[in-house]
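*Asks:* Pasting a predicted model and its sequence here:
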2 protein chains.
Amino acid sequence: MPSPDPQPAFVLIRPQMGENIGAAARGMWNFGLDRMRIVDPRDGWPNQKAVAMASGAGRLLDEAQLFDDTPEAIADCDYVYATTARPRGLTKLVLTPEAAMQDARRRISEGQKVAVMFGPERSGMENVDIARANAIISVPVNPAFPSLNLAQCVLLTGYEWQRETIPTPPERVDAVEDWAENIEIEKLADHYEGRLADAGFFYPEAKAENMKMNLRNLWSRMPLTRADVQMLHGIMRQMVRWKERG
Amino acid sequence: MPSPDPQPAFVLIRPQMGENIGAAARGMWNFGLDRMRIVDPRDGWPNQKAVAMASGAGRLLDEAQLFDDTPEAIADCDYVYATTARPRGLTKLVLTPEAAMQDARRRISEGQKVAVMFGPERSGMENVDIARANAIISVPVNPAFPSLNLAQCVLLTGYEWQRETIPTPPERVDAVEDWAENIEIEKLADHYEGRLADAGFFYPEAKAENMKMNLRNLWSRMPLTRADVQMLHGIMRQMVRWKERG
């Protein structure tokens, strides 16, 4: 079953190698996209090499819609993007993947049907198919090395769709975020200050106050969890025990 | 010749297949990145399969720096990211590629040396290497299909680096922050681990490895200056001296 949320269809036009179709399926499903359309694949359909490469994304191949030509594949769409690295002397809106997926998201939220077309591996999209698109998506690659393969282009476009759709919080912290409270930091600082004073750390006398302040500042500047604080207490206790064993 | 503009180094840790190293080189150079570091590649170096796959990006392989282990590979870096899909029960800052590359640009504009680590194909990064990182980069993939290969992960991270083309004005940081380099953190971790082992801290035996890893993770997670590191060395040295005085 395709995902219930509306999303762009990705249209592979005359793809050549089954492996690339499989890799494209993986790249789509990595980012939650599962509406694949295929126009006239060179080696026929279904394609066992595509299945082998797709592994966990094989469902996309089973459910892919097959078409004889490009106009048929995009017939039901309101707005179509063509991915192409090279400018082709056609006057047409050119968007970054970022701008294109923002635009696609807006259109889809308004009820439009949207598709993104990807050309064959060797030659890229033909002008006649680019002319059918409403806008061009061009990945801002290094001009000295612009070669992106089909699956990479699918992956980056899918990534941008995902990035626009799911507002991921800019950062989160792994595992249990059981941060130490201030009183715990204070007690940790006291513990170290006390034992280090016993050990003669704050020397010479004239510098002692400053050394103590720097040490306190160190603890409070650190993003310490409760577990960290316990470990730091444990370290100091153990050093004292070791000393006391003589 | 590497590009003159400062940029993050991409560190491939124990990569397995030459093809993937070559594809990673392509993904980097697609977005103008050309500082590759490689830690202990499974099939030795140079690798003809890597060269064949890299095609136009072969220069990155010729100029790649080879290292025996991870600490050596990141020794000169001020800030290091680990790319990993899975949360690992280590408390550490987790960033999207977008937030991470924004952060990297800012750090680099302030003169810091930055690296991004990528794990081996099959297993991904080991916890012991993740613990050496200052932050984690996690690509927001479909939870139902999170598998990204090495070259795809490199491609997406490189894409985000490139996308942040408009350099944000560097934020002003208070005072002169002389941040400790990674090699200094590593030595600090070694110092504590060694003395604490002498002191019998890592007990019981069955938990020792995990305790060591958590302690290492604590150090690398902390925003430590050189002065902080010196103070922490001094604390431990003093505790040992105290013990030795009996």
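*Replies:* Nice, I can see it. Numbering: from 1, shown residues only, chains lettered A, B, ... in the order given.
*Asks:* Tell me which stretches of chain A form strands.
*Replies:* A:9-13, A:36-39, A:65-67, A:79-83, A:94-95, A:114-118, A:135-137, A:171-173 (DSSP state E).
*Asks:* Mind checking these for the one nearest to B:Arg59?
*Replies:* Nearest to B:Arg59 among the strands of chain A is strand A:79-83 (26.9 Å), distances taken as CB to CB. Where C-beta positions appear, they are placed from N, C-alpha and C, glycine not excepted.
*Asks:* From the contact counts, what lies against that closest one?
*Replies:* helix A:97-109, strand A:114-118, strand A:135-137 (3 or more CB pairs under 8 Å, 6 or more residues apart in numbering or on different chains; DSSP states H and E).
*Asks:* Would you list the strands that that strand pairs with, along with their directions?
*Replies:* Each strand paired with strand A:79-83, and its direction, by DSSP bridges: strand A:114-118 (parallel), strand A:135-137 (parallel).
*Asks:* angle of the longest one against helix A:97-109?
*Replies:* Okay, so that is strand A:114-118. Orientation note: strand A:114-118 sits at an angle of 150 degrees relative to helix A:97-109 (axes from the mean of the first three to the mean of the last three CA atoms, to 10 degrees).
*Asks:* Please write out the alpha-carbon positions of strand A:114-118 in CSV.
*Replies:* C-alpha atoms of strand A:114-118 as CSV (Å, rounded to 0.1, in the frame of the first residue of the first chain):
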residue,chain,number,x,y,z
VAL,A,114,3.2,16.8,-8.8
ALA,A,115,5.8,14.7,-10.5
VAL,A,116,9.6,14.9,-10.8
MET,A,117,11.2,13.4,-13.9
PHE,A,118,14.7,11.8,-14.0
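*Asks:* Show me how far it is from its chain's centre.
*Replies:* Its chain's C-alpha centre and that of strand A:114-118 lie 20 Å apart, by CA atoms, centre = their mean, to the nearest Å.
*Asks:* How about the last one?
*Replies:* When C-alpha coordinates are averaged (CA atoms, centre = their mean), strand A:135-137 and its chain have centres 22 Å apart.
*Asks:* Can you check what angle separates the longest helix along chain A from helix B:226-245?
*Replies:* Longest helix of chain A, by residue count under DSSP state H: helix A:226-245. Counting by the same axes, to 10 degrees, helix A:226-245 lies at 30 degrees to helix B:226-245.
*Asks:* wait, does helix A:226-245 make contact with chain B?
*Replies:* Yes: against chain B, helix A:226-245 shows contacts by CB under 8 Å from any CB of the partner chain at A:Ala227, A:Asp228, A:Met231, A:Gly234, A:Ile235, A:Met236, A:Gln238, A:Met239, A:Val240, A:Arg241, A:Trp242, A:Lys243.
*Asks:* Run a quick neighbour tally on the third one.
*Replies:* A:Met231 sits with 16 neighbouring residues when counted by other CB atoms under 10 Å in any protein chain shown.
*Asks:* and if you look at the first one?
*Replies:* Neighbour count of A:Ala227, defined by other CB under 10 Å: 15.
*Asks:* Now do the contacts for the residue nearest the centre of chain A.
*Replies:* Centroid check for chain A by CA atoms, centre = their mean gives A:Tyr159 as the closest residue, at 5.8 Å. Listed by CB atoms under 8 Å, 6 or more residues apart in numbering or on different chains, the contact set of A:Tyr159 reads A:Asn30, A:Phe31, A:Pro97, B:Val139, B:Leu156, B:Tyr159.
*Asks:* and these as TSV, adding distance to B:Asn210 and pLDDT?
*Replies:* Formatted as TSV, those follow (distance: CB to CB, whole Å; pLDDT from 0 to 100):
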residue	distance to B:Asn210	pLDDT
A:Asn30	32	95
A:Phe31	35	95
A:Pro97	42	92
B:Val139	27	92
B:Leu156	31	97
B:Tyr159	36	96
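*Asks:* Sitting in helices, which of these do you find?
*Replies:* Checking the contacts of A:Tyr159 against DSSP H, those in helices are A:Asn30, A:Pro97, B:Leu156, B:Tyr159.
*Asks:* Let's see the PyMOL selection covering just the buried ones among those.
*Replies:* Of the ones in helices among the contacts of A:Tyr159, the buried ones go into a single PyMOL selection, burial set by 16 or more other CB atoms under 10 Å in any protein chain shown:
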select buried, (chain A and resi 30+97) or (chain B and resi 156+159)
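*Asks:* Farthest pair within the ones in helices among the contacts of A:Tyr159?
*Replies:* Longest span within these, CB to CB: A:Asn30 and A:Pro97, 14.8 Å.
*Asks:* lowest average confidence, helix or strand, in chain A?
*Replies:* strand A:171-173 (a mean of 51; mean pLDDT, DSSP states H and E).
*Asks:* Would you reformat the ones in helices among the contacts of A:Tyr159 as JSON lines and include distance to B:Leu90?
*Replies:* JSON lines is the format used below for the ones in helices among the contacts of A:Tyr159 (distance: CB to CB, whole Å):
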{"residue": "A:Asn30", "distance to B:Leu90": "24"}
{"residue": "A:Pro97", "distance to B:Leu90": "32"}
{"residue": "B:Leu156", "distance to B:Leu90": "22"}
{"residue": "B:Tyr159", "distance to B:Leu90": "26"}
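*Asks:* Of the ones in helices among the contacts of A:Tyr159, which is the nearest to B:Arg37?
*Replies:* When the ones in helices among the contacts of A:Tyr159 are compared for distance to B:Arg37 (CB to CB), B:Leu156 wins out at 18.8 Å.
*Asks:* What is the burial count for A:His224?
*Replies:* Quick fix: residue A:224 reads Leu, not His. Using other CB under 10 Å, A:Leu224 is surrounded by 22 other residues.
*Asks:* And the helices and strands packed on strand A:79-83: which comes nearest A:Val39?
*Replies:* Comparing the helices and strands packed on strand A:79-83 by their distance to A:Val39 (CB to CB), the top pick is strand A:114-118, with 8.6 Å.
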